[in-house]
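Engineer: model the structure of this input:
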Amino acid sequence: MKKNNKFPIQKLLNVMKKLRDPKKGCPWDKKQTLESIIPHTIEEVYEVAEQIYNKDYQKLKDELGDLLFQIVYLAQIAKEKDKFDFDDIVKKITEKMISRHPHVFENKKFKNMKEFKSWWENSKNKKLNSILDDIPSTYPAMLISNKIQKKVANVGFDYKNDIEAINKIIEEAKELKKEIKKKNKKKIKEELGDLIFACLDVSRKLNLNP
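Structural biologist: Residues are numbered from 1 along each chain as shown. This is a model prediction of the structure:
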């Protein structure tokens, strides 16, 4: 398919700039903030996921455009605040991906995928006080739990096999049953949390999405 516009992203950036123009822009777009855009951005991610699962590529193209627009939107607001602009975002992610793939852009060798994943995590954790510091507090609870389990497993804190993980569920279920008999609401809540966490860990061990 022939492309008429050599730089379509610049046209989109110009559209966004015009929408946010203090005098001639859209009344709704002008009043938006970084915070007010968050729900819309999250919704667009879910809509992209839906079309990927549906294998509807025409709709996927549309939804990816909507998601890209959210990034452009956030970049424009940040630019107005003199924080950064769209080009800074592109530059940053480009540099990051090159540095995170030395086996592609340099001469570094990895024996297998496990070694690469270990290196990947270590490269991200160099600037952190804890390997858990880069898990956003805004993640849904289940995703936070899953991220924690994956990260600690990468540094050796893991069950030897699936059976050990399942035994942990049985252990936690017994502890929950004990607290239910005692009618200790605080302990029931804690033990139920432990049970859910253990179930999520089994799904990770089985390579299933919880």
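Engineer: so what's V152 up against?
Structural biologist: In this structure, V152 makes contact with I131, L132, D158, judged by CB atoms under 8 Å, 6 or more residues apart in numbering. Where you see a C-beta, it was placed from the backbone N, CA and C, and this is true even at glycine.
Engineer: who's in contact with the helix-or-strand element of the chain with minimal mean pLDDT?
Structural biologist: One helix or strand of the chain scores below all others by mean pLDDT, DSSP states H and E: helix 113-125, with a mean of 78. By CB under 8 Å, 6+ apart, the list of residues contacting helix 113-125 from outside reads S99, R100, H103, F110, I131, D134, K151, N154, V155.
Engineer: just give me how far that helix sits from the chain centre.
Structural biologist: 17 Å (CA atoms, centre = their mean, to the nearest Å).
Engineer: can you give the distance from the helix or strand that contains K11 to the centre of its chain?
Structural biologist: Taking DSSP states H and E as the definition, K11 sits inside helix 8-19. Its chain's C-alpha centre and that of helix 8-19 lie 26 Å apart, by CA atoms, centre = their mean.
Engineer: what's it packed up against?
Structural biologist: helix 57-80 (3 or more CB pairs under 8 Å, 6 or more residues apart in numbering; DSSP states H and E).
Engineer: just the C-alphas of the helix it packs on, formatted as CSV.
Structural biologist: Taking Å, rounded to 0.1, in the frame of the first residue of the first chain, the C-alpha atoms of helix 57-80 are listed here in CSV:
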residue,chain,number,x,y,z
TYR,A,57,-6.8,-7.0,12.5
GLN,A,58,-8.9,-4.2,11.0
LYS,A,59,-10.2,-3.4,14.5
LEU,A,60,-6.8,-4.0,16.0
LYS,A,61,-5.4,-1.3,13.7
ASP,A,62,-8.0,1.1,14.9
GLU,A,63,-7.5,0.3,18.5
LEU,A,64,-3.7,0.6,18.2
GLY,A,65,-4.3,4.0,16.8
ASP,A,66,-6.5,4.9,19.8
LEU,A,67,-3.7,3.7,22.1
LEU,A,68,-1.0,5.7,20.2
PHE,A,69,-3.2,8.7,20.5
GLN,A,70,-3.2,8.3,24.3
ILE,A,71,0.6,8.4,24.4
VAL,A,72,0.6,11.4,22.1
TYR,A,73,-2.0,13.1,24.4
LEU,A,74,0.1,12.5,27.5
ALA,A,75,3.3,13.6,25.7
GLN,A,76,1.6,16.9,24.7
ILE,A,77,0.5,17.7,28.2
ALA,A,78,4.0,16.9,29.5
LYS,A,79,5.4,19.2,26.8
GLU,A,80,3.2,22.0,27.9
